[in-house]
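**Student:** sequence and predicted structure are below.
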Amino acid sequence: MWGRPLDSCMMDVRFREKYTDALATVLSDQERAGLDILTHGDFHCDDDMAGRSWHHYPLQRWSGFDGDHLQSEETRSPWLRYPPGTLLNEIYTGWRWPHVVGKVEHRPLDFPKIWRMAQAKARKPVRFGTCCTQVMGLFLDLHTDQYTDTRQVIWDMAVAMNKELHALRDAGCKVIQIEEPTLHFWANTYGADSDEVKFMVEAYNREVEGLDDVEIWTHTCWGNPNMQRVIDNDSYQASFELYMDACRGDVWTVEMTDRNFAEIELFGARKGRLPKKVCIGVVSHRNLQADRPEDVAARIRKALEYIEPEQLILSSDCGFGRQGCNREIAFFKASAIAQGANIVRAELGLEPTYVAAADPALQTDLVPKTAFPSS
């Protein structure tokens with residue numbers, strides 16, 4: 001799409017067919033994998049280097065931005081500096097960003113239309129995910145007298161995104177995921193009580209303001225451009241209470257499998273009294289080995305030591321896109337989540353969910369019982 005409105009792209013019959021077919025395929029795959037809550041697949045994001053479009057999609061469409069530029073050395077985030085010869089250096093010096101050239105204001109991002117097209121193709125609920133605006137602020141240089149501080153830009157982007165999310169809610173979407181507020185990065189660097197962190201909490205809450213009738217998921221991980229972790233200090237200790245108590249919302253997603261379930265005990269002190277549900281990553285988006293259902297079940301049992309089943313949701317640590325793993329690996333990782341959940345459901349005396357991918361009668365190829373079938 002490269003910045004064009006979805007409506008314009010959909011008038012091209014080739015784009016229209018490819019886009020709607022892609023939505024139908026990704027939703028069908030998720031249902032076959034056995035997932036209970038589906039996603040729209042981020043097919044509105046361009047297939048650019050290391051998933052830059054996840055951040056870039058709103059920046060190409062809202063007013064106040066212009067161009068594609070390397071961010072200056074002076075303004076680059078200290079978290080995103082890597083030595084030459086590393087993949088992360090290749091990514092973060094390869095990405096280009098618009099300059100802030102005027103007042104940032106909302107223009108439609110077509111989220112309601114994307115969600116409608118997706119939900120029309122699925123029997124299960126489709127959750128809509130989008131990049132948190134404060135992540136975008138890490139990459140923006142100011143080239144206007146309109147702003148003197150990037151915080152002002154982040155706030156105006158939060159206001160703009162809130163308007164889009166209200167339109168998405170009004171279209172009927174009941175589950176919205178805000179992906180990667182930066183509180184865990186900022187708290188580890190500046191402290192949970194710092195002015196920087198307090199502002200980011202306020203900006204996040206402004207972004208989801210007035211959406212109390214929607215289930216809001218707050219997604220966190222430790223990076224996912226081309227499957228890469230972007231920071232060494234991956235502790236949730238400093239940001240735990242921020243996400244649990246200070247941020248509006250209903251579900252907090254946490255990267256766990258790729259961190260070997262480090263700090264899962266943080267949830268145990270308030271087991272049964274957590275103010276939010278917790279979505280645990282039970283497969284890694286960075287490891288290319290397709291997890292076995294038994295492995296996932298073991299991780300679920302570990303999580304249940306600290307989180308009551310009524311408050312536990314299962315997912316991957318992060319998404320499989322953004323120049324990530326191939327489709328077949330992603331599918332069987334997703335299905336392992338559903339199959340592993342069924343193993344634990346049976347142990348708890350709960351009803352399993354149907355997983356078509358694990359149905360013996362529906363395998364792609366069926367092996368004959370004998371080498372010489374009878375005539």
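**Tutor:** Cool, got the structure. Numbers count the residues shown, from 1 in each chain.

**Student:** burial measure for the closest residue to residue 118 other than its chain neighbours, as a count.
**Tutor:** Leaving aside its chain neighbours, residue 118 sits nearest to residue 40 (4.1 Å; criterion: CB to CB, 6 or more residues apart in numbering). (Each C-beta comes from the backbone N, C-alpha and C, glycine too.) Residues within reach of residue 40, counting by other CB atoms under 10 Å, total 25.

**Student:** swap in residue 246?
**Tutor:** Quick note: residue 246 (other CB under 10 Å) scores 17 neighbours.

**Student:** the nearest residue to it once chain neighbours are set aside: what secondary structure?
**Tutor:** Excluding the flanking residues, the one nearest residue 246 by CB to CB, 6+ apart is residue 201, at 5.0 Å. With DSSP: H, G, I helix; E, B strand; the rest coil as the basis, residue 201 sits in helix.

**Student:** would you confirm that residue 201 contacts residue 247?
**Tutor:** Yes - counting by CB atoms under 8 Å, residue 201 touches residue 247, with 6.4 Å between them.

**Student:** joint contacts of the two?
**Tutor:** residue 183 (CB atoms under 8 Å, 6 or more residues apart in numbering).

**Student:** residue ranges with poor pLDDT in the stretch 101-250 of the chain?
**Tutor:** By pLDDT under 70, the stretch 101-250 of the chain has no low-scoring segment.

**Student:** one more time with 90
**Tutor:** The model of the stretch 101-250 of the chain has pLDDT under 90 over residues 223, 225-231.

**Student:** what does the stretch 251-375 of the chain give?
**Tutor:** Along the stretch 251-375 of the chain, the parts satisfying pLDDT under 90 run over 321-325, 368-375.

**Student:** quote the end-to-end distance of stretch 307-322.
**Tutor:** End-to-end distance of stretch 307-322: 30 Å, with CA to CA, to the nearest Å as the criterion.

**Student:** how far off centre is that stretch?
**Tutor:** Here stretch 307-322 shows a centroid-to-chain-centroid distance of 10 Å under the convention CA atoms, centre = their mean, to the nearest Å.

**Student:** now swap in stretch 45-60 and tell me
**Tutor:** Chain-centre distance of stretch 45-60: 13 Å, with CA atoms, centre = their mean.

**Student:** for it, C-alpha coordinates in PDB please.
**Tutor:** Extracted C-alpha coordinates of stretch 45-60, given in PDB (Å, rounded to 0.1, in the frame of the first residue of the first chain):
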ATOM      1  CA  CYS A  45       1.300  -3.500   6.800                       C
ATOM      2  CA  ASP A  46       3.700  -3.400   3.900                       C
ATOM      3  CA  ASP A  47       6.200  -6.300   3.500                       C
ATOM      4  CA  ASP A  48       9.200  -4.100   4.300                       C
ATOM      5  CA  MET A  49      12.600  -4.700   6.000                       C
ATOM      6  CA  ALA A  50      12.300  -6.300   9.400                       C
ATOM      7  CA  GLY A  51       8.600  -5.200   9.800                       C
ATOM      8  CA  ARG A  52       9.200  -1.500   9.800                       C
ATOM      9  CA  SER A  53       5.600  -1.000   8.500                       C
ATOM     10  CA  TRP A  54       4.200  -2.100  11.900                       C
ATOM     11  CA  HIS A  55       5.400   1.300  13.200                       C
ATOM     12  CA  HIS A  56       5.200   3.100   9.900                       C
ATOM     13  CA  TYR A  57       1.600   2.500   8.800                       C
ATOM     14  CA  PRO A  58       0.100   5.300  10.900                       C
ATOM     15  CA  LEU A  59       3.000   7.700  10.300                       C
ATOM     16  CA  GLN A  60       2.400   7.400   6.600                       C
END
